[in-house]
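Q: Here's my sequence, what's the structure:
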Amino acid sequence: MEIAIIGTGRMARQLGIGWARAGYGIIFGSRNPQGKDALSQEVGDASVVEPATAIAAAPVVVLAMPYTAVAPFAQRHAELLRGRLVIDISNPFEHLPDNRIAGAEVLRVKRNAGAFSFFAILLRPFRTS
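A: Numbering: from 1, shown residues only. All right, here's what the predicted structure looks like:
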C-alpha cells in the first residue's frame with residue numbers, strides 16, 4: 001500500500017522512514033520536488049512529486065505541514081482528497097492561547113465541517129501538550 005506524505009520536513013521524513021521500513025510505499029508531495037534526491041534515497045526509494053500527484057497515488061494521505069496551511073491546502077485539493085484516509089499531524093499550539101487541544105482526535109466528518117467536509121475519516125494523531 002502507498003502512503004502519500006505531503007511535506008518534506010523532519011516529521012514527514014521520520015514518518016516516511018518508519019513506514020518504509022514497515023513495508024509501505026512512500027510518496028512525498030512537495031511544492032518543490034526537484035532536488036529532493038537525498039530524501040528519496042534516505043527513505044528507501046520513495047518518490048518526491050507534486051502534491052496532487054502524490055494524493056492521486058495513495059489511499060492514505062498524511063498532511064505534514066504547518067497548522068495554518070492545512071485548511072487552505074485541503075480546500076484546494078478537496079476533490080483529490082475525497083474518500084481517502086487523511087492524517088493531519090499539524091498542531092495548533094501557538095494559535096490556541098490556552099493550549100486546550102490534547103490527545104488524538106478521530107473525527108467522522110459530517111456535512112458543513114469546513115475544509116474537511118469531504119472526508120469519511122480524518123485522523124489527528126499528535127495532539128499532545
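
Q: Tell me where this structure has helices.
A: 10-21, 37-42, 51-56, 67-76, 78-81 (DSSP state H).

Q: Quick check: which of these is nearest to residue 87?
A: Shortest distance between residue 87 and those, using CB to CB, is found for helix 10-21: 9.0 Å. The way it works is simple: take the backbone N, C-alpha and C, and place the C-beta from them, glycine included.

Q: Can you list the buried residues in that closest one?
A: For helix 10-21, burial by neighbour count (16 or more other CB atoms under 10 Å) applies to 11-13, 15-16, 19-20.

Q: worst-scoring helix or strand of this protein, pLDDT-wise?
A: Using mean pLDDT, DSSP states H and E, the weakest-scoring helix or strand in the chain turns out to be strand 105-107, at a mean of 47.

Q: JSON lines please, covering the helices of the chain and showing distance to residue 91 and mean pLDDT.
A: JSON lines is the format used below for the helices of the chain (distance: least, CB to CB, whole Å; pLDDT from 0 to 100):
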{"stretch": "helix 10-21", "distance to residue 91": "10", "mean pLDDT": "94"}
{"stretch": "helix 37-42", "distance to residue 91": "22", "mean pLDDT": "84"}
{"stretch": "helix 51-56", "distance to residue 91": "20", "mean pLDDT": "97"}
{"stretch": "helix 67-76", "distance to residue 91": "6", "mean pLDDT": "86"}
{"stretch": "helix 78-81", "distance to residue 91": "20", "mean pLDDT": "89"}
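
Q: Relative to residue 88, which of those is closest?
A: When the helices of the chain are compared by CB to CB, helix 67-76 sits nearest residue 88, at 5.8 Å.

Q: Report all helices and strands that the closest one contacts.
A: Here helix 67-76 touches strand 60-63, going by 3 or more CB pairs under 8 Å, 6 or more residues apart in numbering; DSSP states H and E.
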